[in-house]
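>>> next one to model:
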Amino acid sequence: MKLQRNYIFPIIAVCIAIFFINLDAIYINIMEARNFITAREMLNDGNWIFTTMNAEPRYEKPPLPTWLTAVSMFIFGMENFFALRLPAALSTLLLVISNYFLIIKLTGQKKFAWIASLILMTSFYIIFSGRNGQWDIFAHAFILPGIYFLYLLLTSEKRIYKNTVIAAVFIGFSFLSKGPVSHYALLLPFLIAFGAVYRFRAIRGKWKAILLLLFLTIIISGWWNLYVYLFDTRAVAKITEKETGRWLDYNVRPFYYYWSFFVHTGIWLIPAFVSLLYPYLKNKVLDKKVYKFTLFWTLTSVLLLSIIPEKKIRYLLPVFIPLAFNTAFYIEYLFRNFRLEMAKKEAWIVYFNFGLIALIGIIFPFAGYFYFGNEIAKFPFWFGLTALSLFSLGLGILFFLRRRNIEKVFYFSIGFIVSLIWFGLPMAQYINVNENYNSITNVKPMLEETGLPLYEFRGFTPEIIWEYGEPIPVLHEEDALPAEASFYLLAKEGMEESLREEFEGYNLKKVESFDMNPVSSTHKVRLYRDLYLLERQ
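Model prediction:
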C-alpha cells in the first residue's frame, strides 16, 4: 500500500506517536482529578447514573467521559496514569480520523487531508487536550464524526437514514460529554458556514430525516439530565443555579479576548495567521470554495465564543479544528510554489517561521545545559536524547529550507513535536521537584492508630481527594458539628484563627502539614493543608 494513495495508517501511527506515548509523564491536574474521582466512585460505590465527586453530587458535567474512564480503570487499574488518560487519547484518534475523512469529502484530495490532519495533531491545544483526561476533547471528538455524517446527509441522496442515525448518535454523545459546548462552538459554526457557502441546496425532500435527526439527538443527549432531575431534583436545581451564575460573572473577559486565537496553535502560529488573510490567499489555494468555507467556519466559531462573557483560553479548543483545515491551504500552497515560483517578499515569512523552529532545535543542547545546570545529572539519558534529536531536526530543517524543499521542512517540523513528546516529556518528573512534598496519604497511619475520623473544612481540592484515594467528608458552614468528641480536620493554610472561632469549645492542636505542590517553582495554596486535632473540652 503506497503512502501517497492511502494515508489512514500513517495518520494512526502519528496519532499513536503524539497522543499515546509517555501519557504518564505529567502529574494529574485539577480538571483530570475531578473526572478521575468521579470514575473511581463509579467503580467503588456504583454511582454510574447519580455521579459523585468526594461523595457529593457531581451533575455539572454529563457522564460519558467518566464512564469511559471508569471502564479503562476497571481493565487496567486505578493507579495507572496511562489507563486514566487512554480514553482521551482514543477520543483524539477518533477526532483526527473523522477530520481526515471530512476533508476528503470536501476536497477529494487525500494528500491535502493528510497535511491538514498533521497540522491538527500538532497544534498545541489539541496535543494538550488529547493527552489529558478532561471533558473538552471528548465533546469535540464525538461532534466531528457527527458533522461528517451530517455532511453526508446534507449532500448525498444515498443511505439517508443510515447517515441520519449515525449523525444523531455522535452528536448526542457529544452532549453527553460536555453538554451543548461543542454544539455551540463547532456544530453551529459549521452549519452557518455551510449555509453561507453551499446554501443547503441538497436538503430538499429530506425533512423527515432532519426531524428524525433532531428527535434522536434530543433523546440521546437529554435522557441522563432528565433522569437525574426527576430523581434528584434538589441537587440538580442547586447545581444549575450555581453554574448559570458562573457564565455571567466568572472569568468574564472582554469581547475581543479571543481575537489572538491563532497564537495558541504553537508551531503553526505564523502559517495559521497567514491562512486567515483571505485577500492574499484566495486565488492561490487548492479549492477556493472550500477555503472560503473553512475560513468562515473558523471565524464564526471565534465570534460565537466571543459573545459568551465567561472566557478561558482552553475554550478555544474547537476553533483549532477548522483552523487546522484552513492552515493546510497555505501549507499546501507552499508545497506547490515555494521551490520555484514564490517571490522573495512572500518567502521571507516562511524562512522566518521554520528558521525559528530550526534555531530552537539547534540551540536547545546549549540553552538546556545552562538552564538545567546540575539538575541534568537527574535525567542525563532523556536530556541527551532530546538534545540530539532536536539538534538534528533543526539542522535538517535548515538544510531543506535552504534547498527550498518545504515539504520535507514540514515533515521535519512534525518530527520536532514528536521528539519533544518522546524524549522531552520524561524530564518533567525530575525538574523543580518539591523537596517538601508530603502526600495526604501520610495521614492514614495516624487515623489507623487513633481510630479518629478525618474531615475537611469548608471545601476540598480534587487533586488531594484523588491522592487520598477515598472521599473526605467536608464540614460546610451550614453543617452541624461532628458528633465525635475528637477528630482530625484538614484546613487551608492560614485558617487557624477561623477554626478557633468556628470550633469554640474545642482544644485545637496543629499536628502536621501536607504540601502536595509537585514543583517548587510555584506554591498553590489549594494544594497545601494543615492537619489539626480537635478535642471537645
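
>>> please make it C-alpha for all contacts and neighbour counts, starting now.
Noted.

>>> wasn't residue 508 part of a strand?
Yes. Judged by DSSP: H, G, I helix; E, B strand; the rest coil, residue 508 forms part of a strand.

>>> where does the closest residue to it other than its chain neighbours land in three-state SS?
Excluding the flanking residues, the one nearest residue 508 by C-alpha to C-alpha, 6 or more residues apart in numbering is residue 534, at 4.9 Å. Secondary structure assignment for residue 534 (three-state DSSP): strand.

>>> tell me the contacts of residue 534?
Applying C-alpha atoms under 8 Å, 6 or more residues apart in numbering, we find residue 534 in contact with 486, 487, 488, 489, 506, 507, 508, 509.

>>> let's see it at 10 Å
484-489, 499-500, 503, 505-510 (C-alpha atoms under 10 Å, 6 or more residues apart in numbering).

>>> which elements pack onto the helix or strand harbouring residue 371?
Secondary structure from DSSP states H and E places residue 371 in helix 344-372. Counting contacts by 3 or more C-alpha pairs under 10 Å, 6 or more residues apart in numbering; DSSP states H and E, helix 344-372 packs against helix 269-275, helix 320-337, helix 380-402, helix 406-419.

>>> sorry, back to before: now the contacts of residue 534: which count as buried?
Applying a neighbour-count criterion of 16 or more other C-alpha atoms under 10 Å, the buried members of the contacts of residue 534 are 486, 487, 488, 489, 499, 506, 508.

>>> what residues are bridge-paired with the third one?
What that stands for is residue 488. residue 454, residue 533 (DSSP bridges).

>>> might one say that it is in contact with residue 444?
No. Here residue 488 does not reach residue 444: they are 11.0 Å apart, not a contact under C-alpha atoms under 10 Å.

>>> identify the contacts common to the two.
residue 454.

>>> so, low pLDDT: which residues of the stretch 201-350 of the chain?
For the stretch 201-350 of the chain, the stretches flagged by pLDDT under 70 are 243-249.

>>> report the central residue of the chain.
Most central in the chain under C-alpha atoms, centre = their mean is residue 129, positioned 2.1 Å from the mean C-alpha point.

>>> ok, for that one, nearest residue in space, not its chain neighbours?
residue 137 (5.9 Å).

>>> one step back: buried stuff in the helix holding residue 371?
Neighbour-count burial for helix 344-372 [16+ other C-alpha under 10 Å]: 347, 350-351, 354-359, 361-362, 364-365.

>>> closest one to residue 309 out of the buried ones among the contacts of residue 534, please.
The closest of the buried ones among the contacts of residue 534 to residue 309 turns out to be residue 499 (C-alpha to C-alpha; 36.3 Å).

>>> what about the strands in the stretch 51-200 of the chain?
52-53, 56-57 (DSSP state E, counting those that start in this stretch).

>>> dump these into JSON lines; add mean neighbour count, distance to residue 278 and mean pLDDT as well.
Listed next are the strands of the stretch 51-200 of the chain as JSON lines, based on neighbours: other C-alpha atoms under 10 Å; distance: least, C-alpha to C-alpha, whole Å; pLDDT from 0 to 100:
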{"stretch": "strand 52-53", "mean neighbour count": "23", "distance to residue 278": "47", "mean pLDDT": "95"}
{"stretch": "strand 56-57", "mean neighbour count": "15", "distance to residue 278": "49", "mean pLDDT": "92"}
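
>>> distance to residue 342 for these - can I get that in TSV?
Below are those laid out as TSV (distance: least, C-alpha to C-alpha, whole Å):
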stretch	distance to residue 342
strand 52-53	57
strand 56-57	60
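
>>> the ones you listed: which one's closest to residue 394?
Of the strands of the stretch 51-200 of the chain, nearest to residue 394 by C-alpha to C-alpha is strand 52-53, at 46.2 Å.

>>> so what strands line up beside the closest one?
strand 56-57 (antiparallel).

>>> show me what the helix or strand containing residue 42 is packed up against.
Using DSSP H and E, residue 42 sits in helix 30-45. Using 3+ C-alpha pairs under 10 Å, 6+ apart, the elements in contact with helix 30-45 are strand 52-53, helix 64-76, helix 81-107, helix 462-468.

>>> from the chain's centroid, how far away is the shortest one?
Pointing back at strand 52-53 there. Centre-to-centre, strand 52-53 and its host chain are 21 Å apart (C-alpha atoms, centre = their mean, to the nearest Å).

>>> swap in the third one?
Computed by C-alpha atoms, centre = their mean, the separation of helix 81-107 from the middle of its chain amounts to 12 Å.

>>> now for it, which elements pack on it?
helix 8-19, helix 30-45, helix 64-76, helix 110-121, helix 124-130, helix 136-155, helix 288-307, helix 320-337.

>>> try 8 Å
helix 8-19, helix 64-76, helix 110-121, helix 124-130, helix 136-155 (3 or more C-alpha pairs under 8 Å, 6 or more residues apart in numbering; DSSP states H and E).

>>> residue 36 is nearest to which of the ones you listed?
The nearest among those, by C-alpha to C-alpha, is helix 64-76 at 7.2 Å.

>>> the inter-axis angle of that closest one versus helix 136-155?
120 degrees (axes from the mean of the first three to the mean of the last three C-alpha atoms, to 10 degrees).

>>> buried residues in helix 64-76?
64, 65, 66, 67, 68, 69, 70, 71, 72, 73.

>>> quick one: the third one and residue 96, what's the gap?
Looking back up the chat, that one is residue 66. 21 Å (C-alpha to C-alpha, to the nearest Å).
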